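Q: Here is a sequence with its predicted model. Questions after.
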Amino acid sequence: MKLRIIILAAMGCLSLLARGESPQVIAHRGYWQVEGSAQNSIRSLVTADSIGCYGSEFDVWMTADSVLVVNHDAEFRGVDIQNSPSDKVLALRLDNGESLPTLDALFEAAKSLNTRLICELKVHDSRSREKTAVSAILAKAHDYGLEDRMEYITFSPQAFSEFIRLAPKGTPVYYLNGDFMPAQIEYMHGAGIDYYIDILRKHPEWIADCHKRGLKLNAWTVDKPEDMKWCIDNGIDFITTNRPEILQNLIKAYQNE
Ligand code: MG
């Protein structure tokens, strides 16, 4: 460990571990690569919580009749979620047999858990629908008493601004799309950048730039051990992965070196 610290210090990029901190593990779409789970299911949230993930990420759409639902794809089993009525969307089943969840159902389940809720609002066809969705999500987080555990992420610059404008002060809001530099994120009062790992590999100077500005970095979707190691060695604060247990074990191995 000492040799690693010396080498990294000489390179000017002390890792979080060398600074006595560990990167935080976020389960991408929940922890779903286990028996009985499925992406963006309630089970995947419960399972991510059960292994002690810092956070569990999930994706939110608003149906044509303004019901917030949890799913990744714009179209799921042939149903265009944002342009369909909720009764049609909520009749869909996930791969583990669960009904496609409402955000209400996910928040209800989350109340008895500890993991942080990394809520991604998907990019909708209409900017005004995104604004409506941001307000509705924030109201629900308030109603369920979950505001302190919420973090918001989005590819939409408009939704990013809107979350920052309306979320309770101090709520972390991260931008996903990879096209804003750290200075822009700071100017917009974002908490940091949550970018595809290859973008961070292309711009390693953004890591120090973010930290200098008090911004955090999250990388996705980090499933290969060599990518996990790169994130740990380069001081990425949060790592979003489909393989949270492998990442947790890797971090433990680093700590025991
Ligand atoms: Mg997502």
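A: Nice, thanks for sending it over. Residues are numbered from 1 along each chain as shown.
Q: can you list the residues of the stretch 151-257 of the chain near the ion?
A: The stretch 151-257 of the chain comes close to the ion at no residue, as judged by C-beta under 5 Å from the ion. C-beta: built from backbone N, CA, C; applies to glycine.
Q: The residue of the stretch 151-257 of the chain found nearest the ion: what's it in contact with?
A: Residue of the stretch 151-257 of the chain nearest the ion, by C-beta to the ion: residue 153 (7.2 Å). Residues counted as contacts of residue 153 (C-beta atoms under 8 Å, 6 or more residues apart in numbering) are 57, 118, 119, 120, 121, 173, 174, 175, 176, 194, 218.
Q: Look at it and give its secondary structure.
A: At residue 153 the chain is in strand, as set by DSSP: H, G, I helix; E, B strand; the rest coil.
Q: Tell me the buried residues within the contacts of residue 153.
A: Neighbour counting by 16 or more other C-beta atoms under 10 Å classes 57, 118, 119, 120, 121, 173, 174, 175, 176, 194, 218 among those as buried.
Q: Validate this expectation: the last one resides in a strand.
A: Yes - assessed by three-state DSSP, residue 218 belongs to a strand.
Q: pretty sure it contacts residue 241?
A: No - between residue 218 and residue 241 there is no contact under C-beta atoms under 8 Å: 10.8 Å.
Q: any common contacting residues for the two?
A: Common neighbours of residue 218 and residue 241 (C-beta under 8 Å, 6+ apart) are residue 26.
Q: Can you say which two of the buried ones among the contacts of residue 153 are spatially most distant?
A: Greatest spatial distance in the buried ones among the contacts of residue 153: 121 and 218, 15.8 Å, computed using C-beta to C-beta.
Q: where along the stretch 51-200 of the chain do the strands fall?
A: For the stretch 51-200 of the chain, the strands defined by DSSP state E, counting those that start in this stretch cover 55-62, 68-70, 75-76, 79-80, 116-121, 150-154, 173-175, 192-196.
Q: List the strands paired with the fourth one, with their directions.
A: Meaning strand 79-80. strand 75-76 (antiparallel) (DSSP bridges).
Q: ok, residues contacting the partner strand?
A: With C-beta under 8 Å, 6+ apart, strand 75-76 has contacts from 81, 89, 92, 100.
Q: Narrow the residues you listed to those in helices?
A: Mapping those onto helices (DSSP state H) picks out residue 89.
Q: Relative to residue 22, which of the contacts of strand 75-76 is nearest.
A: Nearest to residue 22 among the contacts of strand 75-76, counting by C-beta to C-beta, is residue 100 at 34.1 Å.
Q: what's the burial count for the closest one?
A: For residue 100, the number of neighbouring residues by other C-beta atoms under 10 Å comes to 23.
Q: Could you measure from the closest residue to it other than its chain neighbours over to residue 153?
A: In this structure, residue 100 finds its nearest non-sequential neighbour in residue 92, 4.4 Å apart by C-beta to C-beta, 6 or more residues apart in numbering. Distance, residue 92 to residue 153, using C-beta to C-beta, to the nearest Å: 24 Å.
Q: And for residue 69?
A: 17 Å.
Q: List the residues that contact residue 225.
A: Residues in contact with residue 225 (C-beta under 8 Å, 6+ apart) are 246, 250.
Q: what helix or strand does the nearest residue to residue 32 once chain neighbours are set aside sit in?
A: Leaving aside its chain neighbours, residue 32 sits nearest to residue 44 (4.3 Å; criterion: C-beta to C-beta, 6+ apart). Assigned by DSSP states H and E, residue 44 falls within helix 42-50.
Q: that older thread, around the residue nearest to residue 32, how many other residues sit close by?
A: 30.
Q: cool, residue 96 as well?
A: 16.
Q: so it sits right up against residue 40, yeah?
A: No - applying C-beta under 8 Å, one finds residue 96 not in contact with residue 40, separated by 10.6 Å.
Q: can you tell me how far the residue of the stretch 1-150 of the chain found nearest the ion sits from residue 69?
A: Of all residues in the stretch 1-150 of the chain, residue 120 sits closest to the ion, at 4.0 Å by C-beta to the ion. Distance of residue 120 to residue 69, given as C-beta to C-beta: 13 Å.
Q: Cheers, nothing more for now.
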